[in-house]
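> Give me a 3D structure for the following:
(one chain, ligands or ions: 1)
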Amino acid sequence: MIRFTHQGHAVTLAPGEAFSLPREQGFRDTSTSDLVALVDEIEAGRPWREAVHTRYAAAKPWLHRIIGEPARTAFFDRVLPPDPGLTLDIGAGWGQTCRPLAARHPVVALEPVAERLAFIRAAARQDGVAGRIACIGADYFDVRFETRFATICVIGVLEWVGAFQNHADPQQRQRDFLRKVRAELVPGGSLILGIENRLGLKYLLGCPDDHLGVPHIASLPAPLARKHWAQTGQGPLQAFTYSWPELQGLLREAGFTRIEFFGAFPDYKLPEQIIAFGDHGENLNAWLAANEVPAEHNGYDGSPLPETFQQSLQHRYRTLAAAGAAHRFAPSFFVRAG
Ligand SMILES: C[S@@+](CC[C@H](N)C(=O)[O-])C[C@H]1O[C@@H](n2cnc3c(N)ncnc32)[C@H](O)[C@@H]1O
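Residues are numbered from 1 along each chain as shown. Here you go, the predicted structure:
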């Protein structure tokens, strides 16, 4: 049984059950009507992979890859604890983590956007794992868990938790989020985080960032990034990523003491290589000195980067690795922290 209060009301959920009080505003990578129609098709019996392929393979190829590529679960073997135990997947999205994980372990999927949660449930029913996933349709900040989790997955979510709300400064919201996650782990439990690196080499060399879709803003120190984004007239900056030392600092401040970093190439979404840093980045530097990195892409729309850009990344990784510094410029991180 999963026990929590939602905005003060006590709730108990068994595996396979759902609680839903989702919110209107939220992260969307396709329209609500599009996703509702997709869920209807799946519930009418069309295999979900086929329905997703028909709808997005040509029209939204990057989204299609993000939803279904096997690489989405590559971190299971490299970063998840061998026996993750009861796992909370915060910001479960299209179910890329919770659904495959549920084949082996009990999972709680928490996702505030109603139609995304409906997709997770419909796809999980077809895959025969719905009975192993407890679903919560709510904002994580509105839920206070009494249950404690052995593992909490936060994949592509920390950068967004400050957005779609106006109660708090977005970066304060990120700090509060990490503190809450720390408090809801069992002693010895692990946070598993996937996020882009503010100082990823490709961003420093002018590749658009994955959240704003423009170059040379998200990679700036936060106060400058806020200022430059405000000057574009698109409202205040709400999505923030961090460098290795910044993210370490946030995790320590939240109470984490065991913090292991991994470099993810080309990124944490579709990783082909996940390499543990070692205490000071030495493992990743040794790997980068001896190996070619997989081709990187524009993380906003998935388009390939020009061959000359790719070559210049490769040369610079090598140079930085020789100086013992390339780990600081990995495109994305996975983190295992407790
Ligand atoms: C970029 S998507 C990542 C989805 C999925 N984890 C993945 O790996 O593809 C970010 C997700 O975080 C969710 N999210 C954002 N703020 C949240 C919050 N305060 N509580 C729970 N989920 C949140 C969004 O609804 C969205 O599904």
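
> ok, residue 36 to the ligand distance?
Here the distance between residue 36 and the ligand works out to 16 Å (C-beta to the nearest ligand atom, to the nearest Å). For every residue, glycine as well, the C-beta is placed using N, CA and C.

> Was I right to think that residue contacts residue 116?
No: using C-beta atoms under 8 Å, residue 36 is not in contact with residue 116; the gap is 10.7 Å.

> between these two, which one's more packed in?
With neighbours defined as other C-beta atoms under 10 Å, residue 36 and residue 116 compare such that residue 116 has more, 25 against 13.

> That one falls within a helix, correct?
Yes: counting by DSSP: H, G, I helix; E, B strand; the rest coil, residue 116 falls inside a helix.

> Report pLDDT for it.
Here, the pLDDT recorded for residue 116 equals 95.

> And residue 32, by the same measure?
93.

> check contacts around it.
Applying C-beta atoms under 8 Å, 6 or more residues apart in numbering, we find residue 32 in contact with residue 115.

> phi, psi of it?
As for residue 32, its main-chain torsions (degrees, to the nearest 10) stand at phi -60, psi -40.

> Kindly report the same for residue 143.
Torsion angles, degrees, to the nearest 10, at residue 143: phi -110, psi 130.

> Measure how buried residue 236 is and give me the count.
Using other C-beta under 10 Å, residue 236 has 12 other residues around it.

> wait, residue 292
By the measure other C-beta under 10 Å, the count of residues near residue 292 is 12.

> Might one say that residue 87 is in contact with residue 154?
No: in this structure residue 87 lies outside contact range of residue 154 using C-beta under 8 Å: 11.3 Å.

> Compare neighbour counts for the two and give me the winner.
More crowded of residue 87 and residue 154, by other C-beta under 10 Å: residue 87, with 26 against 23.

> separation between residue 114 and residue 135?
11 Å (C-beta to C-beta, to the nearest Å).

> Compare these two (neighbour count), which wins?
Neighbours per residue (other C-beta under 10 Å) separate residue 114 from residue 135, with residue 135 holding more: 26 against 18.

> what's the nearest residue to that one once chain neighbours are set aside sitting at in phi/psi?
Leaving aside its chain neighbours, residue 135 sits nearest to residue 18 (3.9 Å; criterion: C-beta to C-beta, 6 or more residues apart in numbering). Main-chain torsions, residue 18, degrees, to the nearest 10: phi -130, psi 140.

> who are the neighbours in contact with residue 18?
Applying C-beta under 8 Å, 6+ apart, we find residue 18 in contact with 117, 121, 134, 135, 136, 137.

> hey, where'd the helices end up in the stretch 201-338 of the chain?
201-204, 222-230, 244-253, 282-290, 307-322 (DSSP state H, counting those that start in this stretch).

> The strand ranked longest in the chain pairs with which strands, parallel or anti?
If each strand of the chain is counted by residues according to DSSP state E, the longest one is strand 185-196. With DSSP bridges as the test, strand 185-196 is paired with strand 149-155 (parallel), strand 332-337 (antiparallel).

> right, so of the ones you listed, which gets closest to the ligand?
strand 149-155 (3.7 Å; C-beta to the nearest ligand atom).

> Do any residues in the closest one lie close to the ligand?
Yes: among the residues of strand 149-155, residue 155 lie within reach of the ligand under C-beta under 6 Å from any ligand atom.

> try stretch 39-53
No: applying C-beta under 6 Å from any ligand atom, one finds stretch 39-53 separated from the ligand by no less than 13.4 Å.

> what does that stretch rub up against?
Stretch 39-53 is contacted from outside by 38, 64, 67, 68, 115, 118, 119, 122, 123, 126, using C-beta under 8 Å, 6+ apart.

> For stretch 99-115, what is the distance to the chain centroid?
Its chain's C-alpha centre and that of stretch 99-115 lie 14 Å apart, by C-alpha atoms, centre = their mean, to the nearest Å.

> what's the answer for stretch 234-244, then?
For stretch 234-244, the distance to the chain centre is 15 Å (C-alpha atoms, centre = their mean).

> same deal with stretch 120-135?
That offset, for stretch 120-135, works out to 20 Å (C-alpha atoms, centre = their mean).

> can you give me the mean pLDDT across it?
Average pLDDT, stretch 120-135: 97.

> Just the CA trace of that stretch, in PDB.
Extracted C-alpha coordinates of stretch 120-135, given in PDB (Å, rounded to 0.1, in the frame of the first residue of the first chain):
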ATOM      1  CA  ILE A 120       0.900   5.600 -19.100                       C
ATOM      2  CA  ARG A 121      -2.100   3.600 -17.800                       C
ATOM      3  CA  ALA A 122      -3.300   2.600 -21.300                       C
ATOM      4  CA  ALA A 123       0.200   1.500 -22.500                       C
ATOM      5  CA  ALA A 124       0.900  -0.200 -19.200                       C
ATOM      6  CA  ARG A 125      -2.400  -2.200 -19.500                       C
ATOM      7  CA  GLN A 126      -1.400  -3.400 -23.000                       C
ATOM      8  CA  ASP A 127       2.100  -4.400 -21.700                       C
ATOM      9  CA  GLY A 128       0.500  -6.300 -18.800                       C
ATOM     10  CA  VAL A 129       2.200  -4.300 -16.100                       C
ATOM     11  CA  ALA A 130      -0.700  -1.900 -15.000                       C
ATOM     12  CA  GLY A 131      -1.300  -4.000 -11.900                       C
ATOM     13  CA  ARG A 132       2.200  -3.200 -10.700                       C
ATOM     14  CA  ILE A 133       2.100   0.600 -11.100                       C
ATOM     15  CA  ALA A 134       0.200   2.800  -8.600                       C
ATOM     16  CA  CYS A 135      -0.600   6.100 -10.500                       C
END
